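Participant: take this sequence and fold it.
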Amino acid sequence: QVQVVESGGGSVQAGGSRRLSCAASGRSLNVPGMGWFRQAPGKEREFVACTNWNGGMTSYADPVKGRFTISRDNAKNTVYLQMNSLQFEDTAVYYCAVRLMYGSVCYRAIGEYDYWGQGTQVTVFS
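Facilitator: Numbers count the residues shown, from 1 in each chain. Take a look at the predicted model:
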């Protein structure tokens, strides 16, 4: 079993920054793919960013490109999402996902991931 725990959510003023963390534990997590998704009220869960096993490949959704940065620390089995220039439209519950199968690329589809965290709320106010 794999446990995935997000942290770092909260309220932030528009234009501000926030860093989310996601720690994965359990089983062998040598080379998992990891990703961030979000779900706003009344909307479907959507892809935000992903990284492959060594951080050598990343991918971003168009709305966050240039503002968000995903990174990982394999020694800690932790992935981060640095969010800058936050906008009201970024308000959502942010979910971290773990993919156990090795892959040289990172994955944008929800179905590619095996375990999910409970989510952390990010609220952007003006």
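Participant: and the spatially most central residue of the chain, what are its bridge partners?
Facilitator: Per C-alpha atoms, centre = their mean, the C-alpha nearest to the average position across the chain is that of Trp36, at 2.2 Å. In this structure, Trp36 bridges to Ala49, Cys96 when assessed by DSSP bridges.
Participant: ok, Cys22 next?
Facilitator: Glu6, Val79.
Participant: what sits against it?
Facilitator: Val4, Val5, Glu6, Ser7, Met34, Trp36, Thr78, Val79, Tyr80, Leu81, Cys96, Gly117 (C-beta atoms under 8 Å, 6 or more residues apart in numbering). Yep, even glycine has a C-beta here, placed from its N, CA and C like the rest.
Participant: wait, the fifth one sits on Arg72?
Facilitator: Read it as Met34. Yes - judged on C-beta atoms under 8 Å, Met34 makes contact with Arg72 at a distance of 6.2 Å.
Participant: overlap of the contact sets of those two?
Facilitator: With C-beta under 8 Å, 6+ apart as the test, Met34 and Arg72 both reach Thr51, Val79.
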